[in-house]
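**Q** Structure of the sequence below:
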Amino acid sequence: MKYICLGYYDKGKHELMTAGEKDAMFDTCFDYDDHLRANGHWGGGEALQPAETALTLCWKNGKVATTDGPYAETKEQLGGILVLEARDMNHAVQLISQHPALKYGSIFEIRPAGDMSEIRKASEQRRRLKTAR
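**A** Modelled structure (predicted):
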């Protein structure tokens, strides 16, 4: 089963790290990512640019409105996502609890990926019916 792991970090703490500390952190984290890959638990992942580069979209007054930056003001910022292959939530927790980023102050939120296959099939059928008319 797929689990989406959202990795959060404290930007202030990260900025106070020396280049050597950052290198050590990234090296140990990438080593663990390689371990996940080698054992069939890595489903993908991406780092994110800083929150200042974000754009938030919402529906307001009948049209799309945009706001610079993330929606929520928090100390921790979303730094990346990791798609994890695990048997169940306990297994996902076991795998992520070993991630070195935790020792550097990162926080992980783990959520089961939603299965949209049945909803997608139903939508495709409805849309086919609309175009067939």
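
**Q** Let me see the contact set for the residue nearest to the spatial centre of the chain.
**A** Centroid check for the chain by CA atoms, centre = their mean gives I81 as the closest residue, at 2.3 Å. By CB atoms under 8 Å, 6 or more residues apart in numbering, the residues touching I81 are I4, C5, L6, G7, G45, E46, L48. Where you see a C-beta, it was placed from the backbone N, CA and C, and this is true even at glycine.

**Q** List just the nearest of those residues to G105.
**A** Proximity of the contacts of I81 to G105 (CB to CB) peaks at G7, which lies at 11.1 Å.

**Q** Just the ones of the contacts of I81 in strands?
**A** Applying DSSP state E to these, the entries found in strands are I4, C5, L6, G7, G45, E46.

**Q** Is it possible to get CSV of those that adds pLDDT, neighbour count and distance to S123?
**A** Listed next are these as CSV, based on pLDDT from 0 to 100; neighbours: other CB atoms under 10 Å; distance: CB to CB, whole Å:
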residue, pLDDT, neighbour count, distance to S123
I4, 96, 18, 22
C5, 96, 20, 28
L6, 95, 15, 26
G7, 95, 23, 31
G45, 94, 16, 28
E46, 94, 8, 27
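
**Q** would you list the residues you listed in a markdown table and tack on distance to H91?
**A** Formatted as a markdown table, these follow (distance: CB to CB, whole Å):
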| residue | distance to H91 |
| --- | --- |
| I4 | 15 |
| C5 | 12 |
| L6 | 18 |
| G7 | 18 |
| G45 | 17 |
| E46 | 22 |
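
**Q** between these, which is closest to C58?
**A** L6 (19.9 Å).

**Q** Need the three-state assignment for the spatially closest residue to that closest one that is not a sequence neighbour.
**A** Setting aside the residues directly before and after it, L6 is nearest to E109 in space (CB to CB, 6 or more residues apart in numbering), at 4.4 Å. With DSSP: H, G, I helix; E, B strand; the rest coil as the basis, E109 sits in strand.
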